[in-house]
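*Asks:* quick check, what structure comes out for this input:
(one chain, ligands or ions: 2)
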Amino acid sequence: MKVGSEKTLKISVFKIWLFLLIFPFSGLGVSGILIAEAGEMVQVPEGSFIMGSSEEDILWAVKKFHSESLDWYRDETPAHSVALSAFEIDKYEVTFGDYAVYMEATGKPPPREYENSRLNHPRQPVVSVSWQDAKDYCHWAKKRLPTEAEWEKAARGTDKRHYPWGNEADALNTNIRGKGDSYRNASPGGKFPEGASPYGVMDMSGNVWEWTENWYQPHPDNEHSNDFYGEKFKVIKGGSWNSNLDLARPAVRGKAFPDQKKNYIGFRCVASK
Ligand SMILES: [Ca+2]
Ligand SMILES: [Ca+2]
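*Replies:* Ligands and ions are numbered 1, 2, ... in the order given. Coordinates of the predicted model:
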């Protein structure tokens, strides 16, 4: 990291502490305290990982989830090695509490769900934000949106596992559709400790889908033709409270128009030196 950005980081940390000191007296103390926790980041070391799914992986998924067609999974293929530099990633999805601080600082308008949610649930993930909203927030926080590859490595590590916690399709490790996991909608971050990724990143499967930097383009050497490839959709990852366990696999490539604002799409940020 350059000296200049180190200085900026120190100033940001100072601002957060100042915020913590002041806000308990201003009626927004709870979200002030929670931002520091929600802003926690996790290190992902430099190195290669296997991104995407092999034929064997997608056959496993078809069988496991009784899917009708292998074609549903072809955009995940082939499994391929991707080398990445070290980076840090937010441990939790960005929350309404975090976003409230950002709106206060920048005058940005609230997302549609904000008025209903912020006071009761500052730890709920922020949703109904466009790709650009997410990108702007990360920029403001001196971070950036993860690439699809960074997101996927942070979620499944380097051993090709199907889920952040391992290979077992355990529906109780994540907030997906239905309330067997105790949540009908999005849950506050970190409610599923068993679902942590190998690096300790939370809610990478389920809760809310997460925006990535990338357009929905084919993986290298992907032989599946798909009219949706191109610069039309951005890749979203991880599935949500509205998805089944199949879609909560980190190799799955969700897609959304960049200006789509949905109550099941949120984001988290990354930073690198
Ligand atoms: Ca649920
Ligand atoms: Ca998520």
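
*Asks:* number of residues surrounding K261?
*Replies:* K261 sits with 16 neighbouring residues when counted by other CB atoms under 10 Å. (Each C-beta comes from the backbone N, C-alpha and C, glycine too.)

*Asks:* can you pull the residues of the protein lying near ligand 1?
*Replies:* Contact residues, the chain versus ligand 1 (CB under 5 Å from the ion): N175, D181, Y183, W241.

*Asks:* one more time with 8 Å, if that's ok
*Replies:* Listed as neighbours of ligand 1 in the chain under the rule CB under 8 Å from the ion: 175-185, 187, 206, 241.

*Asks:* so which of these is the closest to ligand 2?
*Replies:* G206 (5.9 Å; CB to the ion).

*Asks:* the closest one: what secondary structure?
*Replies:* State at G206, reduced to three classes by DSSP: H, G, I helix; E, B strand; the rest coil: coil.

*Asks:* list the residues that contact it.
*Replies:* T174, N175, I176, F192, G195, G238, G239, S240, W241, S243, A248 (CB atoms under 8 Å, 6 or more residues apart in numbering).

*Asks:* count the neighbours of the third one for me.
*Replies:* Applying other CB under 10 Å, we find 23 other residues in the vicinity of I176.

*Asks:* circling back: now, which of the contacts of G206 sits nearest G107?
*Replies:* S240 (29.0 Å; CB to CB).

*Asks:* list the contacts for the closest one?
*Replies:* Going by CB under 8 Å, 6+ apart, S240 touches N175, I176, A186, G206, N207, V208, W209, Y264, I265.

*Asks:* out of those, which touch ligand 2?
*Replies:* G206, N207, V208, W209.

*Asks:* which phi and psi does the closest residue to F257 other than its chain neighbours have?
*Replies:* Once flanking residues are discounted, F257 sits nearest to F233: 6.2 Å by CB to CB, 6 or more residues apart in numbering. Main-chain torsions, F233, degrees, to the nearest 10: phi -120, psi 150.

*Asks:* with K237 instead?
*Replies:* Main-chain torsions, K237, degrees, to the nearest 10: phi -130, psi 150.

*Asks:* what bridges to it?
*Replies:* Beta-bridge pairing of K237 under DSSP bridges involves E210.

*Asks:* my guess is it meets A248, correct?
*Replies:* No - with contacts counted by CB atoms under 8 Å, K237 stays clear of A248, the gap being 9.9 Å.

*Asks:* the two - which one has more neighbours?
*Replies:* Comparing K237 with A248 by other CB under 10 Å, the one with more neighbours is A248, at 28 against 25.

*Asks:* correct me if wrong: that one contacts N242.
*Replies:* No - A248 is beyond contact range of N242, at 10.7 Å (criterion: CB under 8 Å).

*Asks:* list the residues that contact the residue most central in space within the chain.
*Replies:* Central residue of the chain (CA atoms, centre = their mean): E210, 3.9 Å from the mean position. Contacts for E210 (CB under 8 Å, 6+ apart) come out as E93, P146, W151, I236, K237, G238, I265, G266, F267, R268.

*Asks:* and it, how far is that from ligand 1?
*Replies:* 17 Å (CB to the ion, to the nearest Å).

*Asks:* W72 now?
*Replies:* To ligand 1, W72 is 22 Å away according to CB to the ion.

*Asks:* against ligand 2, how distant is that residue?
*Replies:* According to CB to the ion, W72 and ligand 2 sit 21 Å apart.

*Asks:* with V101 instead?
*Replies:* Taking CB to the ion, one finds V101 at 21 Å from ligand 2.

*Asks:* quick check, that residue in a helix?
*Replies:* Yes - judged by three-state DSSP, V101 forms part of a helix.

*Asks:* number of nearby residues for it?
*Replies:* 24.

*Asks:* can you pull the pLDDT of it?
*Replies:* Model confidence at V101, expressed as pLDDT, equals 95.

*Asks:* can you pull the pLDDT of the nearest residue to P220 once chain neighbours are set aside?
*Replies:* Once flanking residues are discounted, P220 sits nearest to H80: 5.7 Å by CB to CB, 6+ apart. Per-residue confidence (pLDDT) for H80: 98.
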